[in-house]
Each structure stands twice: as C-alpha cells, then as structure tokens.
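Engineer: Need a 3D model of the sequence below.
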Amino acid sequence: MAKYTGAKCRLCRREGEKLFLKGSRCYSEKCSITKRNQVPGQHGKTGFGFASDYSKHLREKQKTKRIYGLLEAQFRRYFQKASKVKGVTGQVLLQMLETRLDSALNRAGAASSMSMARQMVRQNKIRVNDSPVNIPSYQLSAGDVITVEDIKSKTSEDGKLPEWLGWDAKTKGIKIERLPERDEISYDINEQLIVEFYSR
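Structural biologist: The predicted structure follows:
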C-alpha cells in the first residue's frame, strides 16, 4: 500500500496553514508554520507570485487530501462516489471523508492526529458494533458504535464531542448519532473548488 513518508510539516508549509498533521505539536511553538511560514524549497522566500484559477483549485484539492491523509487515486474515488450520490457533491464528499473510521476517531479525541488514529486501527485496537475492524477507511454510518481498547479520553481538543458524535455509556464507546452537517466540519475547506477541479 502506497503512503506518504516525507516530512509532514513540509505539507503544512506548502499549503501555508496548519493542517494539524502532528497532533499536539501543532498547538505548540514548535509548529513549523509558527517558526518558518514559507513555501518549502529554494524559492520559498519569494513565493510564486500570481496564482491562477487552476492553481487555486489544485491547492484546495491538495490541502483536503493532506488533511485526511489520502493519496490521489483514493481521493479521486471518493469524489466519484460522491458525485453519484443525490445531494450537493462537495458536501457529500466531506461527509464521506469525515465518517471514515480514522477521521471519526480523531474527531472524538481518541487520537491526537489522523496518523495516530490510523495506527490504532491497524493495530487491531478498534471494534465497530462489537466486531474488530482494522481498515482505517472503513465507512461508518448513523447508529454505529466504536469501542477502543484502553480509551483515555472521549472528548476532542476543545473539551467536547462534535454534535454528530455521542458517548454510548452502555458499551463505553463513541456512537455515530448522524452524518455531520457542513457547518460542523471545522476544517477551512472550500469544497466547491474541488468540485470545479474534477469537473474540468
């Protein structure tokens, strides 16, 4: 399975904003955006000048891919699936990305970053509806309950669960109450630019 093995902070610097790829480090003074907020490479200080429409569309697509830790082929498949579902394509795409197993764990605060959540799933520490699941891209639906071995926290960084997630006291797990609404997805993503990029 292909995966990105380079420096994660480089990705944040390329997009010019925090993508929160390294958990608690992104909230500290060690964050690369705080220390060196410039595009990586020898021309980083001067930048690239005028950004074309294509460049804006591409950067938005790349940023979203990097937030959720996906490569191009997988991200394109998500878009193709979203375009076949009834509703606004961009919003459906973000809902599908948010309800991935690794993303839901990160949102619930069970993991401090997307990569840590993916590692937890790969190490067989996660059960969905009392069945073991070791696939980070597992698509969750309303009513599913996620239980985690040795769970330390059931809250997110801001001290509470998102409204579309709940705490199941009976199983001591995270329950998917419903699909997230667009305004409940806190990442600064302009999904319309992604739709326009793939609709060229």
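
Engineer: tell me the domain boundaries of this protein?
Structural biologist: 8-93+189-198, 100-178 (automatic domain parsing).

Engineer: where among the ones you listed is the average confidence lowest?
Structural biologist: Ranked by mean pLDDT, those bottom out at domain 8-93+189-198, with a mean of 80.

Engineer: Would you mind giving the domains of the chain as a markdown table with mean neighbour count added?
Structural biologist: All C-beta spots, glycine's among them, are computed from the backbone N, C-alpha and C. Below are these laid out as a markdown table (neighbours: other CB atoms under 10 Å):
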| stretch | mean neighbour count |
| --- | --- |
| domain 8-93+189-198 | 16 |
| domain 100-178 | 17 |
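
Engineer: Quickly list what Val148 is bridged to.
Structural biologist: The bridge-partner assignment for Val148, based on DSSP bridges, gives Ile126.

Engineer: Can you give me every residue that contacts it?
Structural biologist: Leu105, Ala110, Met120, Lys125, Ile126, Arg127, Gly173, Ile174 (CB atoms under 8 Å, 6 or more residues apart in numbering).

Engineer: So which residues of the protein form strands?
Structural biologist: 126-128, 131-132, 145-148, 165-168, 173-176 (DSSP state E).

Engineer: right, so of those, which gets closest to Tyr78?
Structural biologist: With CB to CB, the closest approach to Tyr78 among these belongs to strand 173-176: 18.1 Å.

Engineer: Which elements pack onto that closest one?
Structural biologist: Applying 3 or more CB pairs under 8 Å, 6 or more residues apart in numbering; DSSP states H and E, we find strand 173-176 packed against helix 101-108, strand 145-148, strand 165-168.

Engineer: How far away from the center of its chain is the second one?
Structural biologist: Read it as strand 145-148. Chain-centre distance of strand 145-148: 19 Å, with CA atoms, centre = their mean, to the nearest Å.

Engineer: Also the first one?
Structural biologist: For helix 101-108, the distance between its averaged C-alpha position and the chain's averaged C-alpha position is 8 Å (CA atoms, centre = their mean).
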